[in-house]
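Enquirer: Sequence plus the predicted model coming up.
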Amino acid sequence: MKLILKNYFIGFLIFLIPILSYFNIKNINQLALYDIQLIFISIIILIIVLLFMALIIDFILYYYFNKNYQFTFPIFSLGFYLSFFFEPLSSLNQSEYFNYFILITMFIIVLSFFYFTLISNKFLRLFRYFCFIYSIYFIIFFLINIYFYFTQQNIYKININNSNFNYDISYSDVNTNKNNIYYVILDNMMSLDLAHSYNFIDKKSVLKELEDNQIFYIDNSHSNYSQSIYSLASIFNLNFLEYKNNNFNKSFPNMMYQSEYSIPLTHLINKLGYNFIWVDNSIFDGGCLNIKNQPWKCLNSSSYRNVIRLQQTLFINTPMKAILGKFLPEQKLLYDNSIDNNQRALKNFTKYLLSIKKKENSNFIFIKQGSPHFPYRTNNLCEKKIFSGDKTNILGYQNSYLCVLSEIKEFVKFIKEFDPNSILVIQGDHSITFEEKSKITSENIYANNTSIFNSIVAPKDCFNKFEMPRSSINMIRFVINCNFNLNLNYTENIFYYKKNEKLISQKF
């Protein structure tokens with residue numbers, strides 16, 4: 001059987017179409033180098049598997065039916081391309097039966113192309129010609145994206161001795177206690193004031209419950225940014241982010257997936273003699289990765305994180321997302337691959353702490369929980385209930401919010417018994433505005449989107465010695481000052497937002 005190389009070339013072009021379309025500027029900006037390497041390896045493996053299967057089928061057709069077809073690989077590539085429409089189509093209807101209908105329809109389409117290209121040389125030539133022209137468009141589109149990416153983006157490195165934050169502290173003055181620090185971030189957890197304005201809660205009642213649990217709530221708090229990727233980046237940067245060419249220089253978690261420069265927070269914690277433990281919210285953020293020369297510890301295996309990252313990048317809209325989930329290793333410590341478990345990070349981490357035989361000290365534990373952020377999958381009692389729609393489903397958010405409030409009280413109670421001398425922060429990374437029920441003006445929407453739940457359990461001396469931290473950046477500085485007896489200066493209480501492609505700051 002003589003190979004018809006032009007058929008395999010066409011198959012390769014079809015295979016590249018969804019990959020090239022995925023690498024647009026928006027996605028590239030959210031990918032770390034590690035992601036690109038992981039995607040590239042997965043593509044190589046997948047194309048080898050498809051080629052091998054196609055060659056076997058072509059050989060069978062030639063040997064048993066005397067048909068020198070050799071167009072199986074382009075048909076397989078067509079199926080690969082169609083799979084990227086699975087998630088957008090399935091979102092039209094949440095029914096499991098509808099998902100099966102989509103898969104069956106895609107299979108019939110692929111089978112039909114296989115049949116017609118097998119019986120009609122004219123159809124095969126027309127299909128081959130169309131695929132060639134169609135793929136050229138995506139190649140041009142990809143090259144344009146790459147051009148703009150490299151001409152408009154700037155590569156930044158952290159200046160650890162910048163004017164706003166200096167690492168040159170006197171370590172001789174550092175407090176030598178070994179108390180643990182639990183730093184909990186709740187995705188999209190709005191302030192009590194905002195929740196009260198939407199009639200989700202009665203603020204006085206909730207404050208009373210928090211006080212009864214010795215949780216100090218800080219009013220009028222804001223995240224410094226209205227998006228998780230920048231709000232969290234500012235915490236790990238211990239400072240505001242640089243802004244240039246209509247973009248911020250860092251985002252979370254991508255800033256963590258490199259070994260070229262130090263991450264200020266983890267570097268400082270390590271220098272102060274503490275271990276930094278990253279409890280990852282894998283299914284949404286890609287998860288913790290053990291990176292060479294970076295001082296943190298992950299609780300999940302690297303193979304687990306690799307699969308999760310592929311699910312959340314290239315294959316996020318395909319059935320491959322579910323297929324990859326079948327290859328996830330058993331997790332002896334923390335999360336399985338389900339939205340529910342990642343939304344319930346506090347409960348899962350509590351289970352982990354109960355499973356260890358001995359509590360260790362000198363740890364900074366960073367925990368990110370996916371809720372109350374969409375998808376909304378619990379009622380107010382934290383019982384499973386799936387709310388349809390998107391993040392604007394106000395009833396879904398209300399139930400998720402009330403569930404999280406109860407989880408906060410349970411987690412604080414547990415930590416007080418398990419690790420009574422520890423410092424515990426529970427903070428939102430940004431908020432959300434439901435405009436249809438809001439009486440605010442458009443100008444105040446930006447303030448609402450950064451109005452966060454902000455609370456802490458810490459020694460009373462710290463509250464007397466240091467000013468109350470009302471921002472994301474100042475809270476992390478407060479914790480470091482409190483636990484290590486330092487005096488890091490606070491930044492100005494400012495939050496940033498984009499408006500008409502301009503970066504605007506607002507004091508609070």
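Expert: Arrived safely, thanks for sending.
Enquirer: Which parts of the stretch 301-450 of the chain are helices?
Expert: When assigned using DSSP state H, counting those that start in this stretch, the helices of the stretch 301-450 of the chain occupy the ranges 302-312, 320-325, 339-343, 345-355, 394-418, 442-448.
Enquirer: and those, which one's lowest on average pLDDT?
Expert: Confidence, taken as mean pLDDT, is least for helix 339-343 of the helices of the stretch 301-450 of the chain (a mean of 64).
Enquirer: re the thing from before, looking at the helices of the stretch 301-450 of the chain, which is nearest to Asn487?
Expert: Nearest of the helices of the stretch 301-450 of the chain to Asn487, taken as C-beta to C-beta: helix 394-418 at 26.5 Å. For glycine as for every other residue, the C-beta is placed from the backbone atoms N, C-alpha and C.
Enquirer: which strands and helices sit next to that closest one?
Expert: In this structure, helix 394-418 packs against strand 181-186, helix 203-212, helix 345-355, strand 423-428, strand 454-457, with contacts taken as 3 or more C-beta pairs under 8 Å, 6 or more residues apart in numbering; DSSP states H and E.
Enquirer: so what pLDDT did Thr72 get?
Expert: Each residue has a pLDDT score; the one for Thr72 is 93.
Enquirer: number of nearby residues for the closest residue to it other than its chain neighbours?
Expert: In space, not counting the residues next to it along the chain, Thr72 is nearest to Ala54; the distance is 4.0 Å by C-beta to C-beta, 6 or more residues apart in numbering. Residues contacting Ala54 under the criterion other C-beta atoms under 10 Å number 22.
Enquirer: which secondary structure element contains Ala54?
Expert: Here Ala54 is covered by helix 33-65, with elements defined by DSSP states H and E.
Enquirer: in that helix, what's buried?
Expert: Under the neighbour-count criterion of 16 or more other C-beta atoms under 10 Å, helix 33-65 has 34-35, 38-39, 42, 46-47, 50-51, 54-55, 57-58, 61 buried.
Enquirer: Using CSV, please lay out the helices and strands packed on helix 394-418 together with distance to Phe73 and mean neighbour count.
Expert: Listed next are these as CSV, based on distance: least, C-beta to C-beta, whole Å; neighbours: other C-beta atoms under 10 Å:
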stretch, distance to Phe73, mean neighbour count
strand 181-186, 46, 24
helix 203-212, 61, 14
helix 345-355, 43, 17
strand 423-428, 50, 24
strand 454-457, 56, 22
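Enquirer: What ranges in the protein fall below the confidence cut-off?
Expert: Filtered on pLDDT under 70, the chain yields the residue ranges 94, 152-176, 245, 280-287, 292, 300-305, 325-341, 357, 436-443.
Enquirer: Next, the closest residue to Phe276 other than its chain neighbours: phi, psi?
Expert: Of all residues not flanking Phe276 in the chain, Trp296 sits nearest, at 4.1 Å (C-beta to C-beta, 6+ apart). Recorded main-chain torsions at Trp296 are phi -150, psi 170, according to degrees, to the nearest 10.
Enquirer: still on that earlier bit, please tell me how far the residue nearest to Thr72 sits from Pro74.
Expert: Plainly put, Ala54 is 9 Å away from Pro74 if you go by C-beta to C-beta, to the nearest Å.
Enquirer: just to revisit the earlier point, tell me which of the helices of the stretch 301-450 of the chain lies nearest to Ile218.
Expert: Distances from Ile218 to each of these were compared using C-beta to C-beta; the shortest belongs to helix 394-418, at 14.0 Å.
Enquirer: That closest one vs strand 423-428, what angle?
Expert: Note on geometry: by axes from the mean of the first three to the mean of the last three C-alpha atoms, to 10 degrees, helix 394-418 and strand 423-428 are set 180 degrees apart in direction.
Enquirer: quick one: Leu124 and Thr117 touch, right?
Expert: Yes: with contact defined as C-beta atoms under 8 Å, Leu124 counts as touching Thr117 (4.3 Å).
Enquirer: Between those two, point out the one with more neighbours.
Expert: A direct count of neighbours by other C-beta under 10 Å for Leu124 and Thr117 places Thr117 higher, at 23 against 19.
Enquirer: could you dump the one helix or strand that one maps to to PDB, C-alpha only?
Expert: Assigned by DSSP H and E, Thr117 belongs to helix 96-119. The C-alpha coordinates for helix 96-119 follow below in PDB (Å, rounded to 0.1, in the frame of the first residue of the first chain):
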ATOM      1  CA  GLU A  96     -27.800  14.300  30.000                       C
ATOM      2  CA  TYR A  97     -29.900  12.900  27.200                       C
ATOM      3  CA  PHE A  98     -29.200  16.000  25.100                       C
ATOM      4  CA  ASN A  99     -25.500  15.400  25.600                       C
ATOM      5  CA  TYR A 100     -25.900  11.900  24.200                       C
ATOM      6  CA  PHE A 101     -27.900  13.400  21.300                       C
ATOM      7  CA  ILE A 102     -25.100  15.700  20.500                       C
ATOM      8  CA  LEU A 103     -22.500  12.900  20.600                       C
ATOM      9  CA  ILE A 104     -24.600  10.700  18.400                       C
ATOM     10  CA  THR A 105     -25.200  13.500  15.900                       C
ATOM     11  CA  MET A 106     -21.400  14.200  15.700                       C
ATOM     12  CA  PHE A 107     -20.800  10.500  15.200                       C
ATOM     13  CA  ILE A 108     -23.300  10.300  12.400                       C
ATOM     14  CA  ILE A 109     -21.800  13.300  10.700                       C
ATOM     15  CA  VAL A 110     -18.300  11.800  10.800                       C
ATOM     16  CA  LEU A 111     -19.600   8.400   9.600                       C
ATOM     17  CA  SER A 112     -21.400  10.100   6.700                       C
ATOM     18  CA  PHE A 113     -18.300  11.900   5.600                       C
ATOM     19  CA  PHE A 114     -16.400   8.600   5.800                       C
ATOM     20  CA  TYR A 115     -19.100   6.900   3.700                       C
ATOM     21  CA  PHE A 116     -19.300   9.600   1.000                       C
ATOM     22  CA  THR A 117     -15.500  10.000   0.700                       C
ATOM     23  CA  LEU A 118     -15.200   6.200   0.400                       C
ATOM     24  CA  ILE A 119     -17.700   5.800  -2.500                       C
END
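Enquirer: In terms of secondary structure, what does it contact?
Expert: With contacts defined as 3+ C-beta pairs under 8 Å, 6+ apart, helix 96-119 has these neighbours: helix 72-82, helix 86-90, helix 121-152.
Enquirer: Of those helices, which stretch is the most buried?
Expert: Most buried of the helices and strands packed on helix 96-119, by mean neighbour count (mean count of other C-beta atoms under 10 Å): helix 72-82, with a mean of 23.
Enquirer: Good, wrapping up.
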